[in-house]
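Chemist: Got a predicted structure plus its sequence, pasted below:
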Amino acid sequence: MNFQICQEPAADKVLDESPFGVLMGMMLDQQYPMEQAFKGAAKVLERFGTLDPGAIASADPEEFAALCATPPAVHRFPGSMAARLQELARIVVEEYDSDASRIWSEATDGRDLLRRIQALPGFGKQKAQIFTALVAKQLDVRPDGWEKAAGDYSLDGYRSVADVVDADSLQRVRDYKKQKKQAAKSTG
């Protein structure tokens, strides 16, 4: 794959090379700009030296939180996100033998994929649908029924990070999200 979510070649390369990095980025994509969230994997790799889920899961929680808080922080809430990253890593180790790609590559169908993703910390239904679409669109893994599982995020357009393939599409997704927020404010 040739990710261009971060809009920085080195950070996007980390996503290309690390399924766990992609999963981390999606988990961090909350209350934080998407390209900054997905840069989190590159920051952890640079500071910690590895994205190995076993190493992250077993790291000293205080030291890992400090690493995540070092400016520029991995997230605007570095302490809570560091703990959540370690929990995510622990699940990948225990349930997927340290291979994050097994979450999507071994899903029996779209419903199973959505269930697997929603079982992860920080992944509610909407985020799981977005990640299902990202897996299909960016990683080209399309289990039967993925479109239904991804909901509107499976459609063509610029709705989420799953649709970001360059700077232009990133801006279109931002514009879409801004319109949705304005519409929500005006109705309610």
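Modeler: The structure has been received and is ready for your questions. Source: prediction; values computed, not measured. Residues are numbered from 1 along each chain as shown.

Chemist: Could you tell me how far the residue nearest the centre of the chain is located from A41?
Modeler: By CA atoms, centre = their mean, the chain has its centre lying nearest to M26, at 1.3 Å. For M26, the distance to A41 equals 10 Å [CB to CB, to the nearest Å]. To be clear about C-beta, it is placed using only N, CA and C from the backbone, and glycine gets the same treatment.

Chemist: what does Q138 give?
Modeler: Distance from Q138 to A41, counting by CB to CB: 14 Å.

Chemist: Next, give phi and psi for the nearest residue to M24 once chain neighbours are set aside.
Modeler: Spatial nearest neighbour of M24, excluding adjacent residues (CB to CB, 6 or more residues apart in numbering): A41 at 4.7 Å. Backbone torsions of A41, given as degrees, to the nearest 10, read phi -60, psi -40.

Chemist: quick one: contacts for A41?
Modeler: Each residue near A41 by CB atoms under 8 Å, 6 or more residues apart in numbering is listed here: 11, 14-15, 18, 20-22, 24-25, 51.

Chemist: quick one: it from K148, how far?
Modeler: For A41, the distance to K148 equals 29 Å [CB to CB].

Chemist: quick one: buried residues of the lengthiest helix in the chain?
Modeler: In the chain, with assignment by DSSP state H, the single longest helix is helix 167-187. Using 16 or more other CB atoms under 10 Å as the test for burial, helix 167-187 gives 169-170, 172-173.
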